[in-house]
Every structure is written in C-alpha cells, then in structure tokens.
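**Q** With the input below, show me the fold.
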Amino acid sequence: MSQFFYVHPENPQARLINQAVAIIRNGGVVIYPTDSGYALGCQLENKQALDRICKIRKLDEKHNFTLLCRDLSEISIYARVDNSAFRLLKNNTPGPYTFIFKGTKEVPRRLMNSKRKTIGIRIPDNRIALDLLEALGEPLMSTSLILPGANITESDPEEIRDKLEHAVDCILNGGYLGEQPTTVVDFSEDEPVIARLGSGDPAPFE
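**A** Predicted coordinates for the structure are as follows:
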C-alpha cells in the first residue's frame, strides 16, 4: 500500500516533500504532478525501481526515458547541448517540453535509447516537482504516467490511487491536472525536430 500525500500545489509542505525524497532514496517509485499530467519517478541509479516502472507502463527497451532536472546547468552534465540548442532551452524552460539529446557518459546506459544513445531531458513548470528535485539534489528518472492502452497522461490523483496504490510506494496528490503529455523536441541530429505534439507550443522550435 502506497503513501498518499495531499501536497499544496503552490506552497508544497516541506515535510511531505522530504518524506517523498526519503522514499525515492530508499529505492521507491513515486507518482508526482508535472505541468503535463502525472509522472512516475525513481532514483537515477536504481535498476529495480526502473524495472517496476517498466512493468507498470509495459515499456520496452526502445522507450526514451527522461531525466527530470532542476535547471539548465544540471542538463549540461547529462546531455550534449550545443549553443543554439541551449538558447532555445533557456527561452522555453521550465515548461511542458521533453528534449531529446545525445547522452553523456554520466547517464546510466540502461536509461539511454540503445541504438541512438539518446536521453530525454525536462525542466517541469510545476512547484511540487521542482521542490522535489531541489530536495533530492539530483535529477529524477521519469516517464509520463500513461497506462497501457491509453494515449493520455493520467490526471486525476484519486483515480491513480485506485489503479496503482499497490504498484508504487508514494503518490503526491497535487490536484487534478491536464491530460496532455509534453511536446517532444528531438535535438539529437543537426536541426530540432518535433517528435510529438503535446501541451507545449511547438512554434519556437520549428
């Protein structure tokens, strides 16, 4: 049975954020709010927690996992970002975008796309998610909470509790959210390519 925390969306309670961080550091899987629905997260290096997330979402090895980062300086540790891409990111983060980059050697190999050696990167525009990252002090391994057979992100924390309270360790209830996943922009080749249209405006990258 998972812990279920009612977290204030604008002034998250530090006590609850710290409890969630302790669960993550202890190998737990958490569900937390972002600016584009709810997401699943675990510690970067924890293979068992990652396997549990793959099982919940029925993901295969082709899936692009995402590192949820606090800020741009953290991104440059894990992704190869050139100057023009950096400027675009600076102008459009935090926000409902996932950016695909070639990963650096700091990214655990199992998180990267096996053929392309890419990783998703994201800075969410959500106070709870950002406070969680700040308290954790490192990126969170993350993927949108899109259940098998669905094409929208889970948005109702009470419904999520009914479906997944036995599959995860902690659910952070940050209120009812939008269902649309992030817009995905692929920077792994020469020019940015819109790989998925979602809640983020694609215009700055076209």
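**Q** all contacts plus neighbour counts: C-alpha atoms, from now on.
**A** OK.
**Q** gap between the two ends of stretch 8-17?
**A** Chord length of stretch 8-17, first to last residue, is 10 Å (Cα to Cα, to the nearest Å).
**Q** Give the rounded mean pLDDT of it.
**A** Stretch 8-17 shows a mean pLDDT of 98 in the predicted model.
**Q** Just the helices from the protein, written as ranges.
**A** Chain-ordered helices for the chain, with DSSP state H as the definition, fall at 14-25, 47-57, 72-78, 83-92, 127-136, 157-164.
**Q** I'd like to check what contacts the fifth one. Which residues are they?
**A** Outside helix 127-136, the residues that touch it by Cα atoms under 8 Å, 6 or more residues apart in numbering are 7-12, 17-18, 20-21, 32-34, 68-70, 124, 139-140, 174.
**Q** same thing but at 6 Å, please
**A** Applying Cα atoms under 6 Å, 6 or more residues apart in numbering, the external contacts of helix 127-136 come out as 12, 17, 21, 70.
**Q** Just send these back as TSV, with distance to S199 and neighbour count too.
**A** Formatted as TSV, the contacts of helix 127-136 follow (distance: Cα to Cα, whole Å; neighbours: other Cα atoms under 10 Å):
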residue	distance to S199	neighbour count
P12	24	17
I17	26	22
V21	27	22
R70	20	24
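**Q** between these, which is nearest G178?
**A** Closest to G178 out of these is P12 (19.1 Å), distances taken as Cα to Cα.
**Q** if we can go back for a sec, would JSON lines of the helices of the chain with distance to K117 be doable?
**A** As requested, the helices of the chain are exported to JSON lines (distance: least, Cα to Cα, whole Å):
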{"stretch": "helix 14-25", "distance to K117": "26"}
{"stretch": "helix 47-57", "distance to K117": "18"}
{"stretch": "helix 72-78", "distance to K117": "12"}
{"stretch": "helix 83-92", "distance to K117": "18"}
{"stretch": "helix 127-136", "distance to K117": "24"}
{"stretch": "helix 157-164", "distance to K117": "31"}
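**Q** Out of the ones you listed, which is the most enclosed?
**A** With neighbours defined as mean count of other Cα atoms under 10 Å, the helices of the chain peak in mean count at helix 127-136, which reaches a mean of 20.
**Q** Any idea which helix or strand in the chain has the lowest mean pLDDT?
**A** Taking mean pLDDT, DSSP states H and E as the measure, the chain has helix 72-78 as its least confident helix or strand, at a mean of 92.
**Q** Spatially nearest residue to P9, not counting backbone neighbours?
**A** Of all residues not flanking P9 in the chain, G174 sits nearest, at 5.3 Å (Cα to Cα, 6 or more residues apart in numbering).
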